[in-house]
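Enquirer: fold the following for me, if possible:
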Amino acid sequence: MPSTPSPRRRRIRWALPGLGLVAVGTATAIALTVTAAPPARPPHPVPSETAQRLSGREVLLAAASSAESAPPATGKYWHIRWIHAITVNNARPVGNVLETWATKDGRWYMGTATLDGRGLGLNKEKHKNGASFELEDHMLSFDQLRRLPADPQRLTAWTRTFSRGLNASWRKKDVEDSVTGTLSALLYAVPVSPEVRGAAFRALAQRPGVTTGGRAKDVRGRVGQAVSIGSFHLIIDPKTAFVLQETTGTVDTKTSSTLYYEVGWTNEKPHVPSAS
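Expert: Below is the predicted model of the structure:
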């Protein structure tokens, strides 16, 4: 398996040659036991448990209200800490821990480590025109993100234009799937305003095929509300508008999920993650 992570790329394709697990994208697959949470980290938002069963649209609209009421945050770096996890035949998940830091002037960092504390390095990039914020493998500047519309219909229209630009050969269904995926990514991947984040939740509530799975736990046991929009499956805490887990699909007996732990602005300097 590779010893260092490749930069960027939020989504990963997976393969299982023989008995090993390999990431067929630009990230590294590292075995981990996801039942042991890394200590000495700032606490992630605690999901609020609720016995009430909400529809998928009600969950998204409740999260929209929570997102819109959040005070704007500040910091030097836009920071995301997450785990890619893959489950085969409902066995213990495996995956890798990643952290990214991005600045408004174009600097971008990504660190990777195993949960047993083995750091795999820290990548650094410098992007022109401050385009250091990644949305669906496409780099945007902070100014571009600040110009996004805070209206659900206009945001969906912008997302559709953005998606068409990702791949000129995509069919209409491919573009619409990308629209859903990009709206989902606006919830956590880039530093949009509280109003735009709320608009992204509202736009997702208007997408076709929104369903709910009710109260659910992610693969680490955190509790939220399960919502599916087509092939995208989210677990959300509607009271904090925090996306706990995103599952992008299942192939045969293999499910790939992303769990989010820290999302927001920070003054913490980039470093090789300490996951032990």
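Enquirer: and stretch 131-138, how far out from the chain's middle?
Expert: 12 Å (Cα atoms, centre = their mean, to the nearest Å).
Enquirer: any buried residues in it, and which?
Expert: Within stretch 131-138, the residues that count as buried by 16 or more other Cβ atoms under 10 Å are 131-136. No exception for glycine: its C-beta is placed from N, CA and C like everyone else's.
Enquirer: check stretch 222-236 too.
Expert: 222-227, 229-230, 232-236.
Enquirer: from those residues, which land in strands?
Expert: In strands, defined here by DSSP state E, the members of these are 223-227, 229, 232-236.
Enquirer: just give me the closest of these to residue 100.
Expert: For these, the closest approach to residue 100 (Cβ to Cβ) belongs to residue 234, at 20.0 Å.
Enquirer: distance of the closest one relative to residue 183?
Expert: 11 Å (Cβ to Cβ, to the nearest Å).
Enquirer: then the helix or strand hosting residue 198 to PDB, C-alphas only?
Expert: Applying DSSP states H and E as the criterion places residue 198 in helix 194-205. Provided in PDB are the C-alpha atoms of helix 194-205 (Å, rounded to 0.1, in the frame of the first residue of the first chain):
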ATOM      1  CA  PRO A 194     -24.500  30.500   7.400                       C
ATOM      2  CA  GLU A 195     -27.100  31.800   5.000                       C
ATOM      3  CA  VAL A 196     -25.700  29.800   2.000                       C
ATOM      4  CA  ARG A 197     -25.300  26.700   4.100                       C
ATOM      5  CA  GLY A 198     -29.000  27.000   5.100                       C
ATOM      6  CA  ALA A 199     -29.900  27.500   1.500                       C
ATOM      7  CA  ALA A 200     -28.000  24.300   0.600                       C
ATOM      8  CA  PHE A 201     -30.100  22.400   3.200                       C
ATOM      9  CA  ARG A 202     -33.300  23.900   1.800                       C
ATOM     10  CA  ALA A 203     -32.200  23.100  -1.800                       C
ATOM     11  CA  LEU A 204     -31.600  19.500  -0.800                       C
ATOM     12  CA  ALA A 205     -35.100  19.400   0.700                       C
END
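Enquirer: give the other helices and strands that that helix contacts.
Expert: With contacts defined as 3 or more Cβ pairs under 8 Å, 6 or more residues apart in numbering; DSSP states H and E, helix 194-205 has these neighbours: helix 56-68, helix 152-166, helix 172-185.
Enquirer: part of a helix, is residue 145?
Expert: Yes: counting by DSSP: H, G, I helix; E, B strand; the rest coil, residue 145 is located in a helix.
Enquirer: tell me how many other residues crowd it.
Expert: Applying other Cβ atoms under 10 Å, we find 18 residues neighbouring residue 145.
Enquirer: please apply the same query to the one 3 residues further on.
Expert: Look at residue 148: counted by other Cβ under 10 Å, it has 23 neighbours.
Enquirer: do residue 259 as well
Expert: Residue 259, neighbours per other Cβ under 10 Å, totals 24.
Enquirer: possible to save the helices and strands packed on helix 194-205 as TSV with mean neighbour count and distance to residue 193?
Expert: Below are the helices and strands packed on helix 194-205 laid out as TSV (neighbours: other Cβ atoms under 10 Å; distance: least, Cβ to Cβ, whole Å):
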stretch	mean neighbour count	distance to residue 193
helix 56-68	22	9
helix 152-166	17	11
helix 172-185	19	15
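Enquirer: can you put the ones you listed in CSV and add mean pLDDT and distance to residue 86?
Expert: Formatted as CSV, the helices and strands packed on helix 194-205 follow (pLDDT from 0 to 100; distance: least, Cβ to Cβ, whole Å):
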stretch, mean pLDDT, distance to residue 86
helix 56-68, 96, 25
helix 152-166, 96, 24
helix 172-185, 95, 18
